[in-house]
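Enquirer: next comes the sequence, and after it the predicted model I'd like to discuss.
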Amino acid sequence: MSEDTPAPLLEGYRVLARKYRPIKLSQIIGQDFLVETLKRGIEGGRLGHAFILTGIRGTGKTTTARIIARALNCETGPTPEPCGTCSSCMAIAQDRSMDVIEIDAASRTSVDDIREIIEASRYKAVSSRYKIYIIDEVHMLSKSAFNALLKTLEEPPPHVKFIFATTEIHKVPATILSRCVRFDLKRIEAPTLVAYFKTLCEQEGVVCEEEALGLIAKAAEGSVRDGLSLLDQAMTYGTSQVTAAQVRQMLGLSDQGLLFTFFQALMEGETLLSLEKLRYFYQEGADPLRILEDLLDLTHWLQCLKMSPSLAQDITLTPEKRQKGAELAETLSIPSLTRVWQILLKGFEEVKRAPSPQKALEVIVIRLTHLTPLPSLHDLLNQGGDELPLKKKILSEVKAGTHPAFASFEDLVEWVSQQREGILHGNLVYDVHLVAFSPPTLALRLTQKAPKNLSQQLQDLLKETRGEVWTIAISEEIGHPTLYEKEQKAREEQRETILQDPLVKTVMEAFPGTTLVEIEDK
Ligand SMILES: [Zn+2]
């Protein structure tokens, strides 16, 4: 079977990953640094004898390993651009090269397996320049297998090359790592994948909407292999044309336009309309968790959009949808979006645990529609002049943040004095009896001398200056003595204490007629 023949599977079914598997370094996408380093290493003949390729699944580790093998063993090489036609290149392409040995460490983990390899590595390559061992999922090897391998890595025969691949580099012993040249394969960026898929579609003669390719690239999460298998599916699904609608249905994604109107209804507090839209999603076969994920994605995207339009680049959105998103973002504040995010995230766990995920989601929808839109502090402060009551209120609330709470009625009265409310302060000291103090509630009994609107005056002062709403009740209960009476009593007690002091007594006795006139606080 030649390289260009697709695998004979279902008729019309393309196995793109096999058909378009790169065979040269220049065909590897999204790994520019790796390609450049390998190219220079191969051209300069400065390639080590052991490599380790690491990265998430589907980023091209095995493909890269095979390309290195081809590059090293090509009869025209070593060259970064193996010819593809010499006997070595052909043998590798057809998986029949005697000198390129692929081992899956997941199934051959024992020390005996490795000993066998090491034993064989002592013999020269059969028909090529190097004997190349590609060990996939190398982290699966047993400890003793690693130890056996280490000895060979320390003194490798000159004709042997090792290429290791792993998804879990942290499980590979440091002693092995230190003897390998390490290459990290990155996740492939969505725009790179889209561009790649586009060229494949052209070669396949299939018309693909760019939005559809964007959706596939996003779902692939950086893996070419996953992306290609999704594209395969989409092509089977849509035969000669791949549309965004088909891909959405295939991936179980909600229609972005419907999602936007749903989100808008939620934010406008339209409970019934929101529930109606939710039912429509169900009818379309959407899964409750999927809907929540989509809403979370949208919330995150709107937040990015608010921070900076450049953060909100989303290849899966058409310009019209981006415009619509921008309008939606305009009406919402960052704090509101943060609250929506929190509710959705909490809801995600609830829906997962709920016996009926559908009902749980409906409850979350109701919760979201009852969120009162919260204008940002910044917006309020920038609404206009000082006379705006809202601004005044917010300012006093801001100020309130710096006020410690009153620990006692005395504290409160002291604060009134600091506000330069002399008359009110006097009334509070001389003319009221405290009945109960329990912020923000206060009960007082007024004497005859107290102004009738005292409680109103105090309430207004607390509200305007501290932004606090107090309830000040007038009571008939006797309550405590007035603050003035309390102070007088305290002074009396102090006087008595002083007069009892032995030293003072001696002075008074020595100077008959002496009286205690005033006590000065020290
Ligand atoms: Zn060749």
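Expert: Yep, it's here.
Enquirer: so which residues of the stretch 1-150 of the chain form strands?
Expert: 50-54, 100-104, 131-136 (DSSP state E, counting those that start in this stretch).
Enquirer: closest to the ion out of those?
Expert: Taking C-beta to the ion, strand 100-104 is the member of the strands of the stretch 1-150 of the chain nearest to the ion, at 12.4 Å. Every C-beta, even on glycine, is put in place using the N, C-alpha and C of the backbone.
Enquirer: what strands line up against the closest one, and which way round?
Expert: strand 131-136 (parallel) (DSSP bridges).
Enquirer: the partner strand to strand 50-54, inter-axis angle?
Expert: 20 degrees (axes from the mean of the first three to the mean of the last three C-alpha atoms, to 10 degrees).
Enquirer: quick one: mean pLDDT for strand 131-136?
Expert: On average, the pLDDT along strand 131-136 is 92.
Enquirer: the closest residue to the ion within the stretch 201-350 of the chain: neighbour count?
Expert: When scored by C-beta to the ion, the stretch 201-350 of the chain has Gln203 as its residue closest to the ion, at 23.2 Å. Per other C-beta atoms under 10 Å, the neighbour tally for Gln203 reads 11.
Enquirer: shaky segments in the stretch 101-250 of the chain?
Expert: 238-239 (pLDDT under 70).
Enquirer: any idea which residue of it lies closest to the ion?
Expert: Ser128 (10.0 Å).
Enquirer: can you give me every residue that contacts that residue?
Expert: Ser128 makes contact with 73, 88, 97, 99-100 under the criterion C-beta atoms under 8 Å, 6 or more residues apart in numbering.
Enquirer: packing partners for the strand or helix carrying Lys489?
Expert: Assigned by DSSP states H and E, Lys489 falls within helix 483-500. Helix 483-500 sits against helix 409-418, helix 422-430, helix 502-510, with contacts defined as 3 or more C-beta pairs under 8 Å, 6 or more residues apart in numbering; DSSP states H and E.
Enquirer: out of those, which is closest to Pro158?
Expert: helix 409-418 (87.2 Å; C-beta to C-beta).
Enquirer: and the closest one, average pLDDT?
Expert: On average, helix 409-418 scores 88.
Enquirer: buried sites along it?
Expert: 409-410, 412-413, 415-416 (16 or more other C-beta atoms under 10 Å).
Enquirer: got it, and stretch 53-64?
Expert: 53-55, 58-64.
Enquirer: closest to Glu36 among the residues you listed?
Expert: Thr64 (13.1 Å).
Enquirer: surely that closest one meets Ile29?
Expert: No: Thr64 lies out of contact with Ile29 (C-beta atoms under 8 Å); the separation is 11.3 Å.
Enquirer: tell me the one among the contacts of Ser128 nearest to Val172.
Expert: For the contacts of Ser128, the nearest to Val172 is Val100 (21.6 Å; C-beta to C-beta).
Enquirer: how many residues are close by that closest one?
Expert: The burial count for Val100: 26, using other C-beta under 10 Å.
Enquirer: bridging residues for it?
Expert: Under the criterion used (DSSP bridges), Val100 bridges to Ile132.
Enquirer: so it makes contact with Met90?
Expert: No: Val100 lies out of contact with Met90 (C-beta under 8 Å); the separation is 12.0 Å.
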